[in-house]
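Participant: Any chance you can model this:
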Amino acid sequence: MQLHDLTPAPGSTHRRKRIGRGNSSGHGTTAGRGQKGQLSRSGGGKGSGFEGGQTPLAMRLPKLPGFRNPRRVEYSAVNIDRLDAKFEDGAVIDGAALKAAGIIKKEFEPVKILGVGETTKKFTVKVDKVSASAKAKIEAAGGKVEQPC
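Facilitator: Numbers count the residues shown, from 1 in each chain. So this is what the prediction gives:
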């Protein structure tokens, strides 16, 4: 059997119904649309959101207040206690190290270190932002916070 030998099973295919091609075709005059009325007209019928005259759902729901800034930078928050658990003493913590440790998903996403938890290890932190409490705890443990912070 070759590809050119394949045919559909008998009776499984049907000819397309050609409507509006004269009365002798059996589908002339009204072309299967019935008589008169909104649905028989060109472009007739209700819109997709129409609910029978009831106020549509999209109009009943309250609109969200305020303004969303499209240029807002979202930082991935990382707490000190996670750094303490994942990194050894004297580690250099940057985007690549955080990705390798599985703390963030992408190496170059903006990161902010927050001061939740405690640390006793000496870290060198090179991320986008560090909170004041996190910076104080890192420096108190003997570590340092470097630019690009």
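Participant: burial measure for the closest residue to residue 111 other than its chain neighbours, as a count.
Facilitator: Closest residue to residue 111 apart from its sequence neighbours, by Cβ to Cβ, 6 or more residues apart in numbering: residue 127 at 4.3 Å. Where C-beta positions appear, they are placed from N, C-alpha and C, glycine not excepted. The tally of other residues near residue 127 (other Cβ atoms under 10 Å) stands at 22.
Participant: Surely residue 127 touches residue 92?
Facilitator: No: Residue 127 lies out of contact with residue 92 (Cβ atoms under 8 Å); the separation is 10.8 Å.
Participant: Do you know the pLDDT at residue 65?
Facilitator: Residue 65 carries a pLDDT value of 89.
Participant: Likewise for residue 149?
Facilitator: pLDDT, residue 149: 55.
Participant: just to revisit the earlier point, next up, the contacts around the residue nearest to residue 111.
Facilitator: Residue 127 makes contacts with 78, 93-95, 98, 111-113, 148-149, as judged by Cβ atoms under 8 Å, 6 or more residues apart in numbering.
Participant: Tell me the helix or strand right after the longest helix along the chain.
Facilitator: In the chain, ranked by residue count with DSSP state H as the criterion, the top helix is helix 132-140. Counting by DSSP states H and E, the next helix or strand C-terminal to helix 132-140 is strand 144-145.
Participant: pLDDT below threshold where in the protein?
Facilitator: 149 (pLDDT under 70).
Participant: for the spatially closest residue to residue 17 that is not a sequence neighbour, what are its contacts?
Facilitator: Once flanking residues are discounted, residue 17 sits nearest to residue 27: 6.4 Å by Cβ to Cβ, 6+ apart. Contact analysis of residue 27 by Cβ under 8 Å, 6+ apart lists 17-21.
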